[in-house]
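Novice: fold the following and give me the result.
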Amino acid sequence: MALLAEVERFIRRFTVLPSEHAYVALVLWAVHTHFIAQLETTPRLACLSTEPGSGKTRVLEILDLLCHNPLLALDLSMSAFFRIVDDMQPSILLDEVDAIFTGKSKSEATEDLRRVINNGYRIGAVVQRVGGKNRDQVHEFRVFTPVAMAGLGNLPDTLMSRSVIIKMKRRAPGEKVEQFRDRLHRPVGRQIAERIAQWASEVGDLQYPELPEAVADRDADVWEPLLMVAAAAGGDWPQRAEKACLAFIADKPESSVSLGVRLLADIQKVWPEGAPTMFTGNLLMALADMEDAPWADLYGEGLRPRKLSKLLSDYGIKPKDVRVSGVGNAKGYRREDFWDAWQRYCPSVPDEGADEGSHSLRKGDIRDIRDAPLVTSANTVAVTDTNGDKGDTPQPCDQAKQFDVADVTDVALSHGMCADTPVCCVCDQPLLHPESAARGFCEGCHRAGAA
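Specialist: Numbers count the residues shown, from 1 in each chain. Next up is the predicted model:
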C-alpha cells in the first residue's frame, strides 16, 4: 500500500533501526494507533539500548508526528496516567523509562504505574477510585491505550512480554540520516497522520487474520493488531508483517522467560534419552555443563540441590528416592513428573516417546556422583566422556579440598548401597565418603555453607 510505504520512507529519513523487520513493526505500530477503537489489545512498543545516543528518543519524536492523538512525556504518575487515558485515550510516548522502572526512583508509585501500563494493553481494563463529596462513590477510569517506551537496559519482565522490543544501536560511521527538526518536519508528519486517520475511517471493520502456528497466547495478543493492520493494507504487507512477527518472537529476550521456565527447558535438553530417572547430582552436573546457561554461576555459587528443589516445586515437581539401573538408589527426579510442566511451559517439547534429538544425553551417560562435589564452572573435574568411552585419566587432586568423581564412583559400585548408609542432613544424598559421613553433609551442601 502506498500510504504505509510513505510512512516507512518518512521513518527511514531520520532513523537507523537494527533490522528490516524493525521498520515493518514500527510502521504497523504507528498505524495501529489510528485503529484503537476497533482493537481488543494494543502492544507496548519498547525501544531499548545498552548505551545512550542510540536513537531511542528520535523514534518517539517521529511517532509523535505519526500516531493518533500523541502525548510525548518524560514522566507520568499512575493517577495522571489513568485520568489522561480515560479523558482522551492518547498514544502515550514515554521516554527515559529506565529512570522510572529500574533507577533510584523506583518505588511503590512506579510499581503502580507498571501495573496500569500492563493491564491497559487489553480493552476493558479499568482503575477504580473512591470519590464524591462523602467519598462514598466508586469511579472507574479506563486505561486501554497505546503506549511506546524508550530507555536504557531492559524493562520489567511483565512489560517486556507485552511489548514489541526494538534493540536500538548507535549509528555506524557510514550510516547517515537527515537531521530532524521539529519545526520543519512536523507539518509533513502530521499531514501523513491525517491521511492515515482518513484511511482508517474508510477501511471499516478490521478482519482477524489467521495467525502463524508459532504465534499464541501473549505473543498473539501482541502481534494480532499489527497483523490486522497489515492485512487491511494488502500488497506485500501481510507477508512482511508475518516474517517480522516470527523474527521478533524467535529473538525474544531471555529476560522475558522466567528462571523456572528456563530451568524446565534446560532439564528437558539434558535429560538422558530413554532414562526414566535421574539423580539430583547428575542433573546438577549436566545443567552446570551447559554453555550459555546461568546454572554454573547462579547467585555466585552455582545451582544447589535445595534451590533446584524450590524452583521445581513451583511446578509440582519434587525430588524422590529413585533408582538408576546399574548404579543404585539416591535422591533424584522422575521424567514422568516433568511431563505436564514441559507440555505447558516448553512448547517445543516433543511428544512423549518421540526422538528427543541430539540435545539429550543417552542413558549410558549417567554418572554415579551421589556424593561428588557439586560441579560449577570453578571446580569441574575429568570424568568419563559422554560417548560412554573411557576419557582421560582424572588428574590427582587434593582429597582434603576436592573428591574426584571417579573415586566416588569406585566406592559406590564396589560397596553398593545398604540400609544403614548415612545420608546428607540437607539433601538426603547418600554419604559414601567417610569424611562426608563424619560431618553429616555431602560435599555440595558443605561447600554451600550448610555446615
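
Novice: can you list the low-confidence ranges for the stretch 151-300 of the chain?
Specialist: 253-256 (pLDDT under 70).

Novice: which parts of it are helices?
Specialist: 157-160, 182-203, 217-233, 237-250, 259-270, 280-288 (DSSP state H, counting those that start in this stretch).

Novice: now the longest one: buried residues?
Specialist: Yep, that's helix 182-203 we're talking about. The neighbour-count check on helix 182-203 (16 or more other Cβ atoms under 10 Å) flags His185, Gly189, Ile192, Ala193, Ile196, Ala197, Trp199, Ala200 as buried. C-beta coordinates here come from the backbone N, C-alpha and C atoms, glycine included.

Novice: domain ranges for this protein?
Specialist: Domain assignment of the chain by automatic domain parsing yields the ranges 2-255, 263-447.

Novice: quick one on the thing from earlier: closest one to Asn119 among the helices of the stretch 151-300 of the chain?
Specialist: helix 157-160 (9.8 Å; Cβ to Cβ).

Novice: what is the closest one packed up against?
Specialist: If you count contacts as 3 or more Cβ pairs under 8 Å, 6 or more residues apart in numbering; DSSP states H and E, helix 157-160 packs onto strand 44-49, helix 108-119.

Novice: chain center to it: distance?
Specialist: Its chain's C-alpha centre and that of helix 157-160 lie 8 Å apart, by Cα atoms, centre = their mean, to the nearest Å.

Novice: now swap in stretch 132-141 and tell me
Specialist: On Cα atoms, centre = their mean, the centre of stretch 132-141 falls 39 Å from that of its chain.

Novice: got the contact list for that stretch?
Specialist: Residues outside stretch 132-141 that contact it (Cβ atoms under 8 Å, 6 or more residues apart in numbering): Phe82, Arg83, Val85, Asp86, Val126, Val127, Gln128, Arg129, Val130, Gly131.

Novice: and if we set it to 6 Å?
Specialist: With contacts defined as Cβ atoms under 6 Å, 6 or more residues apart in numbering, stretch 132-141 is touched by Phe82, Asp86, Val126, Val127, Gln128, Arg129, Val130, Gly131.

Novice: and if you look at stretch 17-33?
Specialist: So stretch 17-33 is in contact with 4, 7-8, 11, 45, 63, 66-68, 91, 146, 164, 166-167, 169, 196, 225-226, 229-230, 240, 244, 247, going by Cβ under 6 Å, 6+ apart.

Novice: packed most tightly, which of the helices of the stretch 151-300 of the chain would that be?
Specialist: helix 280-288 (a mean of 24; mean count of other Cβ atoms under 10 Å).

Novice: next secondary structure after that helix?
Specialist: As assigned by DSSP states H and E, the chain's next helix or strand after helix 280-288 is helix 305-313.

Novice: may I see the buried residues of the helix or strand following that following helix?
Specialist: Using DSSP H and E, the helix or strand that directly follows helix 305-313 along the chain is strand 320-324. By neighbour count with 16+ other Cβ under 10 Å, strand 320-324 contains the buried residues Val322, Val324.

Novice: direction included, what does strand 320-324 pair up with?
Specialist: Partner strands and pairing direction for strand 320-324 (DSSP bridges) are strand 328-334 (antiparallel).

Novice: the strand it pairs with to helix 259-270, inter-axis angle?
Specialist: Angle of strand 328-334 versus helix 259-270, following axes from the mean of the first three to the mean of the last three Cα atoms, to 10 degrees, is 120 degrees.

Novice: pull the very next helix or strand once past strand 328-334 out as PDB, backbone CA atoms only.
Specialist: Later in the chain than strand 328-334, the nearest helix or strand by DSSP H and E is helix 335-345. These are the backbone C-alpha positions of helix 335-345, laid out as PDB (Å, rounded to 0.1, in the frame of the first residue of the first chain):
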ATOM      1  CA  ARG A 335      11.000 -37.900  34.000                       C
ATOM      2  CA  GLU A 336       7.200 -38.600  34.200                       C
ATOM      3  CA  ASP A 337       6.900 -35.900  36.800                       C
ATOM      4  CA  PHE A 338       8.200 -33.300  34.400                       C
ATOM      5  CA  TRP A 339       5.900 -34.200  31.500                       C
ATOM      6  CA  ASP A 340       3.000 -31.900  32.400                       C
ATOM      7  CA  ALA A 341       5.200 -28.900  33.000                       C
ATOM      8  CA  TRP A 342       7.100 -29.500  29.800                       C
ATOM      9  CA  GLN A 343       3.900 -29.600  27.800                       C
ATOM     10  CA  ARG A 344       2.600 -26.400  29.400                       C
ATOM     11  CA  TYR A 345       5.700 -24.200  29.600                       C
END
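
Novice: pick the most deeply packed of the helices and strands packed on helix 157-160.
Specialist: It is strand 44-49: most buried of those by mean count of other Cβ under 10 Å, with a mean of 24.

Novice: quick one: that one to chain centroid distance?
Specialist: The answer for strand 44-49 is 15 Å, by Cα atoms, centre = their mean.

Novice: pretty sure Ala330 is touching Phe279, no?
Specialist: Yes. Counting by Cβ atoms under 6 Å, Ala330 does reach Phe279; the two are 5.1 Å apart.

Novice: which one's more surrounded, those two?
Specialist: Ala330 (28 against 25; other Cβ atoms under 10 Å).

Novice: if the nearest residue to Lys320 once chain neighbours are set aside is in a bridge, with which residues?
Specialist: The shortest distance from Lys320 to any non-neighbouring residue, by Cβ to Cβ, 6 or more residues apart in numbering, is to Arg334 (6.3 Å). Beta-bridge pairing for Arg334 (DSSP bridges): Thr277.

Novice: do you know which of the helices and strands packed on helix 157-160 lies nearest Asp236?
Specialist: strand 44-49 (22.2 Å).

Novice: what average pLDDT does the closest one get?
Specialist: Mean pLDDT, strand 44-49: 97.

Novice: which residues touch the helix or strand just after it?
Specialist: Counting by DSSP H and E, the next helix or strand C-terminal to strand 44-49 is helix 56-66. Helix 56-66 has contacts (Cβ under 6 Å, 6+ apart) with 11, 14-15, 30, 47, 49, 70, 72, 93, 95, 148, 150, 168, 186, 189-190, 193.

Novice: cheers, nothing more for now.
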